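Q: need a structure here:
(one chain, ligands or ions: 2)
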Amino acid sequence: MNEIVFSDYTLRMVSDADIQHAGQVIRDGGLVAMPTETVYGLGANALDADAVAKVFAAKARPSFDPLIVHVADAAAAWSLVDLDALPETQRHLPGVLAEAFWPGPLTMVLPKREMVPGIVTSGLETVGVRVPRHPVAQKLIAAAGVPIAAPSANVCGGSSPTRAEHGTVDGDVVLDGGPCDTGVESTVVGFDPGGLVVLRLGGLPVEAIERQVKQQGGGVAVTVATPTSSPSEQPQASPGRLDRHYAPRTPMRLIEKLEQLDPASLGNQRVGLMSLRGEQGRGMGFAVAEVLSATGDLTAAAARLFEAMHRLDAAGLDLIVAEAVPEQGLGRAINDRLRRAATAAS
Ligand code: TXA
Ligand code: MG
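A: Numbering: from 1, shown residues only. Ligands and ions are numbered 1, 2, ... in the order given. Okay, here's the model as predicted:
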């Protein structure tokens with residue numbers, strides 16, 4: 001058995017034999033739940049439409065919500081997409097972003113080549129590609145020898161799993177890589193005639209992308225797409241942005257500042273709190289409190305977000321009150337997930 005050390009976690013033991021076996025399962029058209037640095041994914045051979053169909057079925061995922069394809073490196077990503085189909089002023093950008101941020105929590109939505117089956121992209125002419133950083137994901141991609149299409153391994157609309165035991169959808173094989181390092185899904189960017197568009201806030205801060213594009217992007221604009229409030233509005237732009245997503249089963253209320261909460265409004269319900277530092281919640285009568293980072297570190301908070309949500313959801317509460325975090329760095333992705341969890345639960 002190998003001991004794989006990743007970040008400051010020592011991963012549970014996933015042996016090379018386990019990974020070879022899982023690679024074979026992928027090649028044979030089966031499903032493998034795999035750790036990535038963001039969240040666990042449920043993977044299938046991206047070039048096998050029947051295998052990908054099993055992912056949609058296992059997740060009860062609507063067919064209009066496309067999957068991200070995970071590859072070993074930028075060259076493998078470029079083999080699936082047609083960079084020449086981008087506006088000339090933007091053709092250099094995927095390379096710039098790949099150089100800076102891959103492997104890592106960035107997904108680029110690019111014009112697809114014909115070899116990518118339509119089921120992967122929900123019929124769109126673009127495909128989301130990403131090079132994950134997690135060593136188990138990298139080894140699995142190498143062992144499979146094919147690109148791996150993988151959504152987060154939760155049942156559609158539920159919270160994303162950041163530990164193998166959160167996974168509510170089982171693959172034919174589950175590779176347990178311990179807790180995920182980043183804890184929120186990848187940042188998804190697309191390329192519009194007007195410039196680069198952040199379609200989903202995620203594990204790579206927008207500020208980092210803006211900095212890189214400013215330095216090497218040749219004046220291309222970066223904008224953040226506003227969340228769509230109803231599926232009918234614009235599902236094709238980035239379907240994962242639908243408000244009903246990342247939902248705990250327990251009703252959830254999001255407030256900007258805990259000071260705004262009148263404890264009397266909670267009645268005698270059993271209420272849990274999720275907040276960044278937690279100190280203001282003391283004495284307010286919460287049954288349990290999840291502190292995301294006592295020091296207010298937003299990166300650490302992102303890594304704990306879904307775990308905290310899963311724990312609160314299992315605590316037999318009537319209500320979860322979540323306090324928004326500062327809107328900067330990974331705080332933007334955290335607030336985005338909290339907003340959607342609260343929308344979905346209400
Ligand atoms: O970190 C992650 O991205 C995780 C891990 C497993 O890699 N995966 C993940 O996948 O979060 P999923 O399926 O839960 O979310 C993928 C989202 C879609 O819902 C959609 O918003 C966007 O990525 N996406 C994928 N392909 C797209 C495309 N062709 N056009 C627009 N958006 C796309
Ligand atoms: Mg998901």
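Q: mind listing the strands for the stretch 101-250 of the chain?
A: In chain order, the stretch 101-250 of the chain shows strands spanning 106-111, 126-130, 148-149, 173-174, 187-192, 195-200, 221-224, with DSSP state E, counting those that start in this stretch as the criterion.
Q: quick one: residues in contact with the second one.
A: The reference is to strand 126-130. If you take Cβ atoms under 8 Å, 6 or more residues apart in numbering as the criterion, strand 126-130 is touched by 66-71, 77, 80-81, 102, 105-112, 116, 120-121, 186, 188, 190. Every residue, glycine included, has its C-beta placed from N, CA and C.
Q: and ligand 1, which of those residues reach it?
A: 66-68, 105, 107, 109, 121, 186, 188, 190 (Cβ under 6 Å from any ligand atom).
Q: ok, back up a step: tell me which of the strands of the stretch 101-250 of the chain sits most buried.
A: Highest mean neighbour count among the strands of the stretch 101-250 of the chain (mean count of other Cβ atoms under 10 Å): strand 148-149, with a mean of 28.
Q: what distance separates that strand from the centre of its chain?
A: When C-alpha coordinates are averaged (Cα atoms, centre = their mean, to the nearest Å), strand 148-149 and its chain have centres 14 Å apart.
Q: Three-state assignment for A51, please.
A: Reducing the assignment at A51 to three states with DSSP: H, G, I helix; E, B strand; the rest coil gives helix.
Q: hmm, back to that, quick check: the two most widely separated of the ones next to ligand 1 among the contacts of strand 126-130?
A: The span of those, defined through Cβ to Cβ, is set by P105 and T121 at 20.3 Å.
Q: the more surrounded of these two?
A: Set side by side, P105 and T121 show unequal neighbour counts under other Cβ atoms under 10 Å, the larger going to P105 at 29 against 20.
Q: close to ligand 1: what parts of the stretch 51-200 of the chain are there?
A: The interface of the stretch 51-200 of the chain toward ligand 1, taken as Cβ under 6 Å from any ligand atom, is made up of 65-68, 105, 107, 109, 121, 124, 126-128, 130, 150-152, 185-186, 188, 190, 199-200.
Q: helix or strand with the lowest mean pLDDT in this protein?
A: For the chain, using mean pLDDT, DSSP states H and E, the weakest element among its helices and strands is strand 5-6, scoring a mean of 34.
Q: give me the distance between the two termini of stretch 112-129.
A: Stretch 112-129 has an end-to-end distance of 10 Å (criterion: Cα to Cα, to the nearest Å).
Q: in that stretch, what counts as buried?
A: 112, 116-117, 119-122, 124, 126-129 (16 or more other Cβ atoms under 10 Å).
Q: now swap in stretch 203-220 and tell me
A: Using 16+ other Cβ under 10 Å as the burial criterion, the residues of stretch 203-220 that qualify are 203-206, 209-210, 212-213, 217, 220.
Q: tell me which stretches of the stretch 51-200 of the chain form helices.
A: For the stretch 51-200 of the chain, helices defined by DSSP state H, counting those that start in this stretch occupy the ranges 74-78, 93-101, 118-121, 135-144.
Q: can you list the low-confidence ranges for the protein?
A: Low-confidence segments of the chain (pLDDT under 70): 1-12, 166-171, 227-246, 344-346.
Q: what residue of it is the furthest out?
A: Distance to the chain centre peaks in the chain at A264, reaching 36.1 Å (criterion: Cα atoms, centre = their mean).
Q: tell me the secondary structure at that residue.
A: Of the three states, A264 takes helix according to three-state DSSP.
Q: identify the residues contacting it.
A: Applying Cβ under 8 Å, 6+ apart, no residues qualify as near A264.
Q: 10 Å - rerun?
A: Going by Cβ atoms under 10 Å, 6 or more residues apart in numbering, A264 touches G285.
Q: which SSE is the closest residue to K139 other than its chain neighbours in?
A: Sequence neighbours aside, I19 is the residue nearest to K139 in space, at 4.8 Å (criterion: Cβ to Cβ, 6 or more residues apart in numbering). When secondary structure is defined using DSSP states H and E, the element that contains I19 is helix 16-27.
Q: ok, now L317?
A: Counting by DSSP H and E, L317 is held by no secondary-structure element, helix or strand.
Q: now it: how far from ligand 1?
A: Taking Cβ to the nearest ligand atom, to the nearest Å as the criterion, L317 is separated from ligand 1 by 25 Å.
Q: wait, that residue sits on A287?
A: Yes. Taking contact to mean Cβ atoms under 10 Å, the distance of 6.5 Å between L317 and A287 places them in contact.
Q: who has more neighbours out of those two?
A: More neighbours sit around L317 than around the other of L317 and A287, counting by other Cβ under 10 Å; the figures are 22 against 15.
Q: where does the nearest residue to the more buried one once chain neighbours are set aside fall, phi/psi-wise?
A: Once flanking residues are discounted, L317 sits nearest to G272: 4.5 Å by Cβ to Cβ, 6+ apart. Taking degrees, to the nearest 10, you get phi -110, psi 150 for the backbone angles of G272.
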